[in-house]
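Student: requesting a structural model of the entry that follows:
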Amino acid sequence: MLDQVSRSVPDRLMKIASTLAALLVLLVFLHLTTGLLMSGLERLSWSFIRLEPLHSGRQGGISFVLMATGAVLAICLLISVPVSFGCALWIQDRSRSQVSRGRKWLQRCLDLLAGLPSIVFGLFGMTLFCHQLRMGYSILAGGLTLACMILPLQVRLASDALERVPDEYLRGAAALGLSRVRTLWHIVLPTALPGLMAGLLLSLGRAASETAALLFTSGYVTRRPTSLLDSGRTLPVHIYDLAMNIPGGEASASASAVVLMACLLVINVAAMHLAGRWRQTVSGE
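Tutor: Purely as a prediction, here's the structure:
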């Protein structure tokens, strides 16, 4: 009886501590969201979305900022998606067939890159893309820098999605005499697609909220971008500049932050939905 009581006390303490931690996280989220909504909804309107920034962003809207943000993210995904998927395929092929020393070193490099602060990627992008490759402070340089930054996360998530494809599917495809390309196209991709899409959306959410890496690469200007070599201010950089450098820009910064939070909410909800479909597909439910 005493043993049961002594075992139940730590369990209850752990339950109380975990509950308090969950409540603390919820309170922080509610406080942050409520503060932004109260200060940002007064400024937020349809005209705020479609008008160009005026007076350094204090007035007008964020249409040009959204255009630059979309262009940077499009370049980022065009570069990072095929590279990360090919790298994940190579890692999974080595893990299923044999122990590869190159695979282990590649995974260690990915872990190291994933832990680097984003400002390090910003300095790298400024040195390589802006100066050495003479792209200047441009949308192209910002997109390439973001692609390098989210590449480790995408490779890890894609590898996890491919790893969860049941071996029975691959053995069945081999028994039917399917080639590696047909197995990949008709077996592996349909099974792992929800997980791949979830990883893509999660990495896109990180890229969409990045500030430090773009401060050194894409620039500050708020004019309409006409080419990929034009400088463009993304939404996180716009929020930072309004809040820190522009007197009287707090209201516009809060409204822009609400727009960014709404975009990230849509991305994360879509990622959660696709992750749920992925689990159902793998488990056969």
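Student: and Ile49, how many neighbours?
Tutor: 13 (other Cβ atoms under 10 Å). Every residue, glycine included, has its C-beta placed from N, CA and C.
Student: part of a helix, is it?
Tutor: Yes: Ile49 sits within a helix when classified using DSSP: H, G, I helix; E, B strand; the rest coil.
Student: so it makes contact with Ser63?
Tutor: Yes: applying Cβ atoms under 8 Å as the test, Ile49 and Ser63 come out as touching, 6.8 Å apart.
Student: tell me the phi and psi of Gly60?
Tutor: phi 80, psi -150 (degrees, to the nearest 10).
Student: Phe29: how many residues sit nearby?
Tutor: Phe29: 10 neighbours (other Cβ under 10 Å).
Student: and it, what element?
Tutor: For Phe29, the element it lies in under DSSP states H and E is helix 2-40.
Student: what about that helix, average pLDDT?
Tutor: For helix 2-40, mean pLDDT rounds to 80.
Student: how about stretch 53-72?
Tutor: 87.
Student: may I see the buried residues of it?
Tutor: Within stretch 53-72, the residues that count as buried by 16 or more other Cβ atoms under 10 Å are 53, 56-58, 60-66, 68-72.
Student: what's the answer for stretch 155-172, then?
Tutor: Val155, Arg156, Leu157, Ala158, Ser159, Asp160, Ala161, Leu162, Val165, Leu170.
Student: now, which of those residues sits nearest Val25?
Tutor: Leu157 (23.0 Å; Cβ to Cβ).
Student: how close does the closest residue to Cys76 other than its chain neighbours get to Leu170?
Tutor: Leaving out its chain neighbours, the residue that sits closest to Cys76 by Cβ to Cβ, 6 or more residues apart in numbering is Leu146, at 4.0 Å. Separation of Leu146 from Leu170 (Cβ to Cβ, to the nearest Å) stands at 34 Å.
Student: what do you get for Pro152?
Tutor: 26 Å.
Student: next: Ile119.
Tutor: From Ile119 to Leu170 the distance is 42 Å (Cβ to Cβ).
Student: I'd say the residue nearest to Cys76 and Val72 touch.
Tutor: Yes: using Cβ under 8 Å, Leu146 is in contact with Val72, at 6.4 Å.
Student: give the contact list for Leu146.
Tutor: Taking Cβ atoms under 8 Å, 6 or more residues apart in numbering, we find Leu146 in contact with Val72, Leu73, Ile75, Cys76, Ser80, Ala207, Glu210, Ala213, Leu214.
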